[in-house]
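[1] need coordinates for the below:
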Amino acid sequence: LGPCFSSGSHGYDTSDYRKVDERLGDNNDLKEFVRMCHNEGIRVILDGVFNHTGSDSKYFNAKDRYSGLGAYNSRGSQYYPWYNFTSYPNDYESWWGITNLPRIVRCESYRRFITEQVIPKYMRMGVDGWRLDVVDELEGDFLEQIVSAIKSYKSDAIVVGEVWEDASNKIAYNQ
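    Take a look at the predicted model:
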């Protein structure tokens, strides 16, 4: 499945990792969908977008739609360390320069959030694997943590990664 996390538009601009996008239903609907697929012998793989979030997310909150403080609203936000601001708050590192997709930087609290909360939540729903968006833009040790978290729930889970360029000679983060 393409990204199923709550999103402002196309799914790759995650607004809340803990919620299924309302256009697709809700968390219970996803759980029921997985159950129905399994009854038909179909495995379900989710799209994990862990390199960036949406600027209109509970984590960044540039449009001030969420009640909590996002990184854009306050340097004191618990999410502030997830992003790299060059001139606060309007200049920040984004995925390929697309400003509504602020890039996640190397941050232990974000990594724990993904590997200890997000992945387990969906694996407990019965998901069979993950397709990792722009996998070559994730640091190797974070990728290892993601795979370990997935496999700890389901040893035969599939994990595949998307690489836009020629993957036969691609070097990501000098690895």
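[2] in the chain, where's the longest strand?
    strand 14-20 (DSSP state E).
[3] partner strands of that one and their direction?
    strand 5-7 (antiparallel) (DSSP bridges).
[4] return the distance of the partner strand from the chain's centre.
    Taking CA atoms, centre = their mean, to the nearest Å, one finds strand 5-7 lying 10 Å from the centre of the chain it belongs to.
[5] could you tell me the average pLDDT over that strand, please?
    What strand 5-7 shows for mean pLDDT is 96.
[6] how about stretch 32-41?
    98.
[7] okay, and for this structure, where does confidence drop off?
    167, 170-175 (pLDDT under 70).
[8] now the strands for it?
    Here the chain has its strands, by DSSP E, at 5-7, 14-20, 45-48, 85-87, 91-92, 129-132, 158-161.
[9] which one of those strands is the most hemmed in?
    Of all those, strand 5-7 carries the top mean neighbour count, a mean of 24, counting by mean count of other CB atoms under 10 Å. From N, CA and C alone the C-beta is placed, and that goes for glycine too.
[10] what sits up against it?
    Strand 5-7 is contacted from outside by 11, 13-17, 19-22, 49, 54, using CB atoms under 8 Å, 6 or more residues apart in numbering.
[11] out of these, who's nearest Tyr88?
    Lowest distance from Tyr88 to the contacts of strand 5-7 (CB to CB) belongs to Gly54, with 18.7 Å.
[12] isn't the closest one right next to Thr99, touching?
    No - here Gly54 does not reach Thr99: they are 10.6 Å apart, not a contact under CB atoms under 8 Å.
[13] the more surrounded of the two?
    When neighbours are counted by other CB atoms under 10 Å, Gly54 and Thr99 differ, and Gly54 comes out ahead with 27 against 12.
[14] show me the contacts for the more buried one.
    7-9, 13-15, 60, 100-102.
[15] alpha carbons only: can I get the longest strand of the chain in CSV?
    What follows is strand 14-20, C-alpha atoms only, in CSV (Å, rounded to 0.1, in the frame of the first residue of the first chain):
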residue,chain,number,x,y,z
THR,A,14,3.0,12.6,6.7
SER,A,15,1.0,14.6,9.3
ASP,A,16,0.6,11.9,11.9
TYR,A,17,2.4,8.5,11.9
ARG,A,18,0.0,7.0,14.4
LYS,A,19,-3.2,7.5,12.4
VAL,A,20,-4.3,6.1,9.1
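[16] quick one, which of the strands of the chain gets closest to Ser109.
    Of the strands of the chain, nearest to Ser109 by CB to CB is strand 14-20, at 13.4 Å.
[17] so how far is that closest one from its chain's centroid?
    8 Å.
[18] need the contact partners of that strand.
    For strand 14-20, the surrounding residues in contact (CB under 8 Å, 6+ apart) are 3-8, 26-27, 29-30, 49, 52-54, 56-58, 113-114, 117-118, 121.
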